[in-house]
Each structure stands twice: as structure tokens, then as C-alpha cells.
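Enquirer: dropping a prediction and its sequence here:
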Amino acid sequence: MTSVQLLAGQKALVTGANSGIGKATAIALGRAGADVVVNYVAGADAARQVVDEITGFGVRAYAHEADVSDEDQVVAMVARMVEEFGTIDIMVANAGLQRDAAVAQMSLAQWQKVIDVNLTGQFLCAREAAKEFVRRGVVPEVSKSAGKIVCMSSVHQVIPWSGHVNYASSKGGVGMLMQTLAQELAPQHIRVNAVAPGAIRTPINTAAWDTPEAEAELLKLIPYRRVGDPDDIANAVVAISSDLLDYVVGTTLFVDGGMTLFPGFATGG
């Protein structure tokens, strides 16, 4: 089975899809045959460029500006997708951000913004997708499942991260959000899973890898001894969204080069 066939005829929405992991994921889904909605909150030109690349695969795509932490905007975004594409088969809740500070200096606004986007935003996107999945049910010629929700998590779902308590808390919440949704929705043949990146070369963490010295320090945390690329995550999303992994439900797929193996203990602790 070629990658073009994996998601042929399916309709996907990727949040935060005009850069980084979201961009790579949206392009990979299009390459695999899906029509794609490219969500963004800022950077319309970049979103249009992603759309142009996706439509080059012979599938449909359009960009939609929406803040995933705003309920009305999420509801309108999914409603428009159903109107434009007829339905939704894959929701990739990817949009996320950081507002870093030591806990003693962290403002409530910094805490709340990260929780609103990274956790509440995923809830809202999952809820709206689930409504359509339940309404439509399984269409066997399209997919074995009624729909797929992929929550973008992080290794910090399980690894504490000093100076980033809001981010780590949001991703820990994403892990339990995903599992609870999976448990609730599985009887309706809706698959919910998470993909948890480790260190990936994206604009959000450039300082961690953009010099040889910084990269050398980062590699101490990665047993596989390379920093990941956005395509590593995008390929995982395509796979977990496809019928190849139809029996995978409620699982977090860590794509991290072994970072969650706690490499500090490799020499016996």
C-alpha cells in the first residue's frame, strides 16, 4: 500500500498548521490523499503557502483563521469544514504555545494562556469533531473507523520540566484528556490517540539546537543521538490516522529518539 492510498478520500483538519510540526503534518496528510483544512491564528501568507503545497498533490485544501481557545471560532471552523468538504474524518489538535517563566515569577495570564490553547483548545476541537463522527458513523469505503482524533502532546506529558510548569501541566492534561476521550468514544468506533514529540527542529525551540554547542547538550538527552525533524512527527500522525493502525486506541505514541527512556540512568543511575 502506497502512502497516497493510506488516507485517500478522507478529510482532515490540522490546527496550528502554518509552521513547524503542524505544517509538516498538514502536508503529509495531503500527500497521503486527504483533503486538508490548514488552521492558523496568525501568519496568513504562510498558511496559504501550505495550502498551495497540499493542492499540488491533487487534493483539496484551504486555510482557516481561528483561535482554538475560542469556542465560537472552533465551532464555526468545523461547521465550515463540514459545509466545504461534506464531513471530517481526522482531527489533528496540534496548536500549542509556550509562555515560560520560573513558577515564582509566572503570572496568572501566562499560566492561563498556555492552558487555554494547549488543553482547552484540544478539548474544543475534539468535541466538535466527535459530534460529526457520531452523527455520520462509519463509512466503510472511507475508513474502518467513524473518525480519528490525534492529540499533539509532548514528552513533557510524563517528564517534568522546571521553568515550564504551565506547559508541562497542559501536556499532562492532554494525556488524560486523550485517554478519557478514547475510553468514551471507542464504542462508537472513534479512535483517539496522541503523538508526543521529543526534541524537534521547530521555531518554538530554535535556541535548543541552532548552535553546535546547544545541540551537543541537547543530544545528551536523546539516546538515538539526533534531533527530530517535523516530518518524523508528520509521518507518525499519518500512520496513526490510517487503517493500518485501526486497533490502536487510547495510546500515546512517543516520537522522541528515546528521550522518555531517561538517558541519565543509562550508566546505572
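Expert: Great, that's in hand. Numbering: from 1, shown residues only.

Enquirer: can you list the low-confidence ranges for this protein?
Expert: 1-4, 209, 269 (pLDDT under 70).

Enquirer: how does it look with 90?
Expert: 1-5, 202-213, 264-269 (pLDDT under 90).

Enquirer: who touches the helix ranked longest in it?
Expert: Across the chain, the longest stretch assigned as helix under DSSP state H is helix 165-185. For helix 165-185, contacts defined as C-beta atoms under 8 Å, 6 or more residues apart in numbering pick out 96, 98-100, 103, 106, 110-111, 113-115, 118-119, 122-123, 126, 130, 133, 149, 151-154, 156-161, 191-194, 196, 249-250, 252. For every residue, glycine as well, the C-beta is placed using N, CA and C.

Enquirer: just checking, F57 touches A28?
Expert: No. Using C-beta atoms under 8 Å, F57 makes no contact with A28, being 10.1 Å away.

Enquirer: more neighbours, the two?
Expert: Using other C-beta atoms under 10 Å, the more surrounded residue of F57 and A28 is A28, with 27 against 17.

Enquirer: keep only those of the contacts of helix 165-185 that are in strands.
Expert: Counting by DSSP state E, the contacts of helix 165-185 place I149, C151, M152, R191, V192, N193, A194, A196, T252 in strands.

Enquirer: contacts only, for the residue nearest to G228 when sequence neighbours are not counted.
Expert: Leaving aside its sequence neighbours, G228 sits nearest to I200 (C-beta to C-beta, 6 or more residues apart in numbering; 4.3 Å). Going by C-beta under 8 Å, 6+ apart, I200 touches G20, I21, V227, G228, D229, P230, D232, I233.

Enquirer: now do the same contact list for Q73.
Expert: With C-beta under 8 Å, 6+ apart, Q73 has these contacts: A66, D67.

Enquirer: part of a strand, is it?
Expert: No. Assessed by DSSP: H, G, I helix; E, B strand; the rest coil, Q73 does not belong to a strand; its assignment is helix.

Enquirer: right, I'll call it a day here.
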